[in-house]
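Asks: Fold the stuff below for me.
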Amino acid sequence: MINRRRVLMTLPTSLAVAGWAGRTASARSASAEAVAPALPPVGSLLRLPTVKLFDGPAFGSGQADGHVTVVYWWASTCPFCAQQSPEMQKLWMAQRSRGLSMLALSVDNRPQEAIAYLNRKGYTFPAAWVTPEFQRALPKPKGLPVTVVRGRDGRVLQAEKGQLFPEDVEQIANWLA
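Replies: Numbers count the residues shown, from 1 in each chain. Here you go, the predicted structure:
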């Protein structure tokens, strides 16, 4: 499933060393990235703190419990997120009627940047801004984008850092079976 991804996994690191990190990460996220935790292990319990979505309602464990939930950290300035986000939108549109839940978490400097980006691109997946309170409760794992699939029982089914290719995003739907 991820063979092509593994071949290219070093690309984000190489670009960061070459200077991309300075262009895509804010001072807030750069310092947070230095101490960011590793991806949550498969099988571990992933508690979702409540966060206010950009379109108004709150999202938390209550909305995710009993559903396969994709938690997707992204930024409007991240070139890898720009490639993955359209695929996340396709996944959301195709699988939400099957019970898929999604929480896209923007790590942009200001929520207005993320909202403008979502509107410009026409993305409708549930999205929120990572507030400092949310970051303390559920720190973003190291890397960007980060995609974690949480099972119906609240346990991690899959955790990936770096860009997922279209076929990788499509495979997330298999967790709904």
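
Asks: centroid residue for the protein?
Replies: In the chain, the centroid-proximal residue (Cα atoms, centre = their mean) is residue 72; its distance is 1.4 Å.

Asks: so it touches residue 101, yeah?
Replies: No. Look at residue 72 against residue 101 with Cβ atoms under 8 Å: they stay out of range, at 11.4 Å. All C-beta spots, glycine's among them, are computed from the backbone N, C-alpha and C.

Asks: for residue 100, what are its contacts?
Replies: 67-70, 91-92, 173, 176 (Cβ atoms under 8 Å, 6 or more residues apart in numbering).

Asks: Need the buried ones from the residues you listed selected in ChimeraX.
Replies: In ChimeraX syntax, the buried subset of these is picked out as below (16 or more other Cβ atoms under 10 Å):
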select :67,68,69,70,91,92
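
Asks: of the contacts of residue 100, closest to residue 45?
Replies: Using Cβ to Cβ, residue 69 comes nearest to residue 45 of the contacts of residue 100, at 12.9 Å.

Asks: my read: the closest one touches residue 99, true?
Replies: No. With contact defined as Cβ under 8 Å, residue 69 does not reach residue 99; the gap is 9.8 Å.

Asks: what about this structure, any weak spots by pLDDT?
Replies: Residue ranges of the chain with pLDDT under 70: 1-32.

Asks: what sits up against the longest helix that it contains?
Replies: If you go by DSSP state H, the chain has its longest helix at helix 79-95. For helix 79-95, the external contacting residues (Cβ under 8 Å, 6+ apart) are 12, 20, 24, 70, 72, 74-75, 100, 102, 104, 121-125, 144-145, 147, 162-166, 169-170, 172-173, 176.
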